[in-house]
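S.K.: Got a predicted structure here, sequence first:
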Amino acid sequence: MRKVFFLTSFCLAFAICMFCGCSPDDENDNHSSSTTTTTTQKVTAPKFDKYLTTTDLDGFSIRVRFKTGGDKESNLSATVHWKSYSKKPSSTPTKKELTKVESMRQYGSAVYHNTGSQKGMTESIVFDKSHAGYNGGTYIYYYVECKNSVGSASSSISYTIVKR
């Protein structure tokens, strides 16, 4: 009786392992092939896409969209360099003259590729920085720098005018 119970238990355990489990080699092969696929999708430095800046009667919101280069959202950040002027300067200020530097927050969620070799990788992301308490007619000159795990990119200098 004990031999039958032991043999039945052994066969049942063997059958469960065969039908439900994977061998450690199969699991590692599948994992490494998916890791290889992910690493072959090359992440590139971000690229400036366009400004989405808005103003109202007492402030402004600098919004900018960057192409992400396919990096994870957690690896992306943006910094705005800006300065306000009470009247329009005679010439566009240089990047060194834009002395206020602030990090920007992510606005909404990133857009992801749905097809092709970059499926599941980020495509674009929008960052935002808002300020209030500025008089109508104030000129705000700014540029934005975006960074990811591979590199960085910056926009050209632009300006907006707070509405009167």
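M.R.: Nice, I can see it. Residues are numbered from 1 along each chain as shown.
S.K.: which residues are contacting the strand or helix carrying residue 127?
M.R.: Using DSSP states H and E, residue 127 maps to strand 122-132. The contact list for strand 122-132 (CB atoms under 8 Å, 6 or more residues apart in numbering) reads 49, 52, 58-68, 70-73, 76, 78, 80, 102, 104-108, 110-113, 144, 146. Placement of C-beta: from N, CA and C, glycine included.
S.K.: from these, which would you call buried?
M.R.: 49, 59-68, 70-71, 76, 78, 80, 104, 107, 110, 113, 144, 146 (16 or more other CB atoms under 10 Å).
S.K.: Which of those residues fall within helices?
M.R.: Residues of these located in helices (DSSP state H): none.
S.K.: So which of those belong to strands?
M.R.: The strands, defined by DSSP state E, take in 49, 59-67, 78, 80, 144, 146 from the buried ones among the contacts of strand 122-132.
S.K.: Between which two of these is the distance greatest?
M.R.: With distances taken as CB to CB, the most widely separated pair in these is 59 and 67, at 27.9 Å.
S.K.: Sketch out the low-pLDDT regions of the protein for me.
M.R.: Along the chain, the model assigns pLDDT under 70 to residues 1-7, 9-41.
S.K.: Kindly recompute the last result at 90.
M.R.: Applying pLDDT under 90 to the chain flags residues 1-42, 72, 108-122, 164.
S.K.: Spatially central residue in it, please.
M.R.: residue 73 (3.4 Å; CA atoms, centre = their mean).
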